[in-house]
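# Sequence plus predicted model, see below.
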Amino acid sequence: MNSYIIEKVIDQLKVMPREMQWRVLEFTRALNHSTPRGVPGQQLLSFAGAISQEDVKLINNVLEQNFER
């Protein structure tokens, strides 16, 4: 466990109002009980190359035109 991160979180908690401290506690409890989502990368390798290079270029062009504004 990274003690630096824990110390920094504690420093922040010390200056927060009590209500926000409770919210942080609830959030950390929820994170602790959550399960990671997704699949291992190894399972995704079967999809490698499934999209043609031509389609990849088309997708990249659309993304650049519409989302890099």
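On my side now, so go ahead.
# Now do the residue in the chain sticking out farthest from the centre against residue 21, distance only.
The C-alpha centroid of the chain is most remote from residue 54, which lies 29.9 Å away (C-alpha atoms, centre = their mean). According to C-beta to C-beta, to the nearest Å, residue 54 and residue 21 sit 55 Å apart. In this view, the C-beta of every residue, glycine as well, is placed from N, C-alpha and C.
# Please apply the same query to residue 44.
On the measure of C-beta to C-beta, residue 44 and residue 21 end up 40 Å apart.
# Between these two, tell me which one has more neighbours.
Neighbour tally, residue 44 and residue 21, criterion other C-beta atoms under 10 Å: the higher count belongs to residue 21, 14 against 10.
# any idea how far the closest residue to that one other than its chain neighbours is from residue 5?
In space, residue 21 comes closest to residue 13 once its chain neighbours are excluded; the distance is 5.5 Å by C-beta to C-beta, 6 or more residues apart in numbering. Per C-beta to C-beta, residue 13 is found 13 Å from residue 5.
# C-terminal to the helix or strand containing residue 32, what's the next element?
Per DSSP states H and E: residue 32 is located in helix 18-33. Using DSSP H and E, the helix or strand that follows helix 18-33 towards the C-terminus is helix 41-44.
# Can you name every helix or strand that that next one contacts?
Helix 41-44 makes packing contacts with no helix or strand when contacts are defined by 3 or more C-beta pairs under 8 Å, 6 or more residues apart in numbering; DSSP states H and E.
# How far off centre is it?
18 Å (C-alpha atoms, centre = their mean, to the nearest Å).
# What are the buried residues along the helix or strand following it?
With elements assigned by DSSP H and E, the helix or strand that comes after helix 41-44 is helix 53-67. Residues of helix 53-67 classed as buried by neighbour count (16 or more other C-beta atoms under 10 Å): none.
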